[in-house]
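J.: Here is the input, now give the coordinates:
(2 chains)
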Amino acid sequence: QKEVEQNSGPLSVPEGAIASLNCTYSDRGSQSFFWYRQYSGKSPELIMFIYSNGDKEDGRFTAQLNKASQYVSLLIRDSQPSDSATYLCAVSRLPGGFKTIFGAGTRLFVKA
Amino acid sequence: DAGVTQSPTHLIKTRGQQVTLRCSPKSGHDTVSWYQQALGQGPQFIFQYYEEEERQRGNFPDRFSGHQFPNYSSELNVNALLLGDSALYLCASSSSTGAGTEAFFGQGTRLTVV
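T.: Here you go, the predicted model:
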């Protein structure tokens, strides 16, 4: 079992729709959860982090965490073609990015 | 405020050679982590440096070593390069204190071993 699992996609959504990206993790001791966006040929860019169960909203992005189910998700509302990228889920036992473990990423395509 | 900077951006080396990659963390950050990202994969944790010492290490051989300097900058050294070491090498910095403990990445170094 991989430590962080994501559906590789591609996930294709029309412009203006909600994109839902999911992630599961195996380490119950994980405390910090991150979503990074990575455009082709570029480095990952942090877009959301969440530490507590529940929802966290930032603009068009909402991160959801359920520690009991070991599940993290990212919702992107009003998806734009510029959102087309690979989204990486990452988890860590401690703050400070301590040995942050990444999933392989989900490719998202937003069709204009 | 400069973010995380890495050098060089691209590098071509021959199998068996040694390479040194450099990273300057974001201002205010004291912790540096190194990752290897192969094409189509997520970043794989190599090791993390804090207070000039290796704090944690991933599943990488001893050919991969590093160093952190008093100004928090860091180097990644890879000896006896293999073709399979070709990848994007990412440095991420973070703070060990305060509320902002998220990790931010540099632009990466693309290493090609031929």
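J.: residues from chain B in reach of chain A?
T.: Applying CB under 8 Å from any CB of the partner chain, we find that chain B lies next to chain A at B:31, B:33, B:35, B:40-45, B:48, B:55-56, B:58, B:88, B:90, B:92, B:94-96, B:101-108. In this view, the C-beta of every residue, glycine as well, is placed from N, C-alpha and C.
J.: A ChimeraX selection for the residues you listed, restricted to the buried ones, would help me check which they are.
T.: Only the buried members of the residues of chain B next to chain A enter the following ChimeraX selection, criterion being 16 or more other CB atoms under 10 Å in any protein chain shown:
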select /B:31,33,35,42,43,44,45,48,55,58,88,90,92,94,95,96,101,102,103,104,105,106,107,108
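J.: Just the ones of the residues of chain B next to chain A in strands?
T.: B:31, B:33, B:35, B:44-45, B:48, B:55-56, B:88, B:90, B:92, B:94, B:104-105 (DSSP state E).
J.: Can you lay out the residues you listed as JSON lines showing distance to residue B:80 and pLDDT?
T.: Output for these, formatted as JSON lines (distance: CB to CB, whole Å; pLDDT from 0 to 100):
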{"residue": "B:31", "distance to residue B:80": "28", "pLDDT": "91"}
{"residue": "B:33", "distance to residue B:80": "23", "pLDDT": "93"}
{"residue": "B:35", "distance to residue B:80": "20", "pLDDT": "96"}
{"residue": "B:44", "distance to residue B:80": "19", "pLDDT": "95"}
{"residue": "B:45", "distance to residue B:80": "21", "pLDDT": "93"}
{"residue": "B:48", "distance to residue B:80": "23", "pLDDT": "92"}
{"residue": "B:55", "distance to residue B:80": "25", "pLDDT": "88"}
{"residue": "B:56", "distance to residue B:80": "23", "pLDDT": "87"}
{"residue": "B:88", "distance to residue B:80": "20", "pLDDT": "97"}
{"residue": "B:90", "distance to residue B:80": "22", "pLDDT": "97"}
{"residue": "B:92", "distance to residue B:80": "25", "pLDDT": "93"}
{"residue": "B:94", "distance to residue B:80": "30", "pLDDT": "87"}
{"residue": "B:104", "distance to residue B:80": "31", "pLDDT": "90"}
{"residue": "B:105", "distance to residue B:80": "27", "pLDDT": "94"}
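J.: May I ask which two of the residues you listed are separated the most?
T.: Maximum pairwise distance in those, criterion CB to CB, is 22.8 Å, between B:55 and B:88.
J.: where exactly do the strands run in chain A?
T.: A:4-6, A:11-14, A:19-25, A:32-38, A:45-50, A:54-58, A:61-66, A:71-76, A:85-92, A:101-102, A:106-111.
J.: closest one to residue B:16 among those strands?
T.: strand A:101-102 (29.4 Å).
J.: In chain B, which residue sits nearest chain A?
T.: residue B:103 (3.0 Å; CB to the nearest CB).
J.: can you tell if stretch A:48-67 touches chain B?
T.: Yes: applying CB under 8 Å from any CB, one finds stretch A:48-67 touching chain B at residue A:49.
J.: Next up, the contacts around the closest residue to residue A:54 other than its chain neighbours.
T.: Spatial nearest neighbour of residue A:54, excluding adjacent residues (CB to CB, 6 or more residues apart in numbering or on different chains): residue A:65 at 6.6 Å. By CB atoms under 8 Å, 6 or more residues apart in numbering or on different chains, residue A:65 lies in contact with A:33, A:50-54, A:56, A:71-72.
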